[in-house]
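[1] quick check, what structure comes out for this input:
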Amino acid sequence: MIDREGPRQRPAASACGFQQWRSLLFLHWRVPIEVIRPLVPDRLELDLWKGSAYVGVVPFAMQGVRPWWLPRQFAFNFLETNVRTYVHDRGQPGVYFFSLDAASKLAVWTARRLWGLPYFHAEMNLVQTGETFHYCSHRSGTSALHEVRYQPGADLGPSLPDSIEFFLLERYFLFLEHRRTLYRGQVHHEPYPAQRVDVLEFDDQLVAAAGLGQPDEPPEFSHFSAGVDVEIFKLGPVD
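    All right, here's what the predicted structure looks like:
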């Protein structure tokens, strides 16, 4: 049985870092299980919604990023775009990242060197004009592009545990396989203030770059969140 609500509890340990996640767009497409299964570590089970696997593309702004020991005035900001799917390990649900593109070379270098996370540097831009957002990410040295125009809509209220919003958004564990060892990390934040969103235009090549095929239809599920303040906890090997 998968424990959907337990991971929302704050760990007793001290946080090792702090971040503010802002202007998050969650775009999701259904992907055949036989396509996505070979790309996920064997130890992890796919976490399915009504029997289907999903890949998510999440462009957003990272603000106030700092380790616990760095004063707030020295924190830094950058844009990031994640490509992820949903997994569980013995009933503990989380995310598995295929890629994380960031506009900070320092963030990319640190995440790759210290944790082995699949970070890539990208040129990124986020512009808000009135109620419309325009987000563009181009992975350096490649043709992999993500570009989207969208307008946030009505508030959805608290995400209920049996809702699609809870399944896709309320994820507090991340899993990583590095040098044949499975690691788990945890974050803590208040539940996302989710909104409906109208996707006006999109062009995504990051899903294809992950080996999952090119989306040729609009996302099946789209959500927006103005953001949350996040505590980051240390990655550790899974027993």
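
[2] in the lowest-mean-pLDDT helix or strand in the chain, what counts as buried?
    One helix or strand of the chain scores below all others by mean pLDDT, DSSP states H and E: helix 105-115, with a mean of 91. By neighbour count with 16 or more other CB atoms under 10 Å, helix 105-115 contains the buried residues Ala107, Val108, Ala111. C-beta: built from backbone N, CA, C; applies to glycine.

[3] ditto for stretch 191-207
    For stretch 191-207, by 16+ other CB under 10 Å, it's Tyr192, Ala194, Val197, Phe202, Asp204, Gln205, Leu206, Val207.

[4] check contacts around the first one.
    Okay, so that is Tyr192. Leu24, Ser159, Glu165, Leu169, Glu170, Ser225, Val228 (CB atoms under 8 Å, 6 or more residues apart in numbering).

[5] try it again at 6 Å.
    Applying CB atoms under 6 Å, 6 or more residues apart in numbering, one finds that Tyr192 lies in contact with Leu169, Ser225.

[6] same deal with the third one?
    The contact partners of Val197, taken as CB under 6 Å, 6+ apart, are Tyr150, Pro152, Gly153, Ser222, Phe224.

[7] so it bridges to which residues?
    Beta-bridge pairing of Val197 under DSSP bridges involves Pro152.

[8] can you read off the pLDDT for it?
    At Val197, the pLDDT value in this model is 98.

[9] how about the fifth one?
    You'll see Asp204 listed with a pLDDT of 96.

[10] list the contacts for the nearest residue to it once chain neighbours are set aside?
    Once flanking residues are discounted, Asp204 sits nearest to His146: 5.1 Å by CB to CB, 6 or more residues apart in numbering. His146 is in contact with Thr81, Ser137, Asp204, Leu206, counting by CB under 6 Å, 6+ apart.

[11] and if we set it to 8 Å?
    Contact partners of His146, counting by CB under 8 Å, 6+ apart, are Val57, Pro59, Thr81, Asp101, Tyr135, Cys136, Ser137, Asp203, Asp204, Gln205, Leu206.
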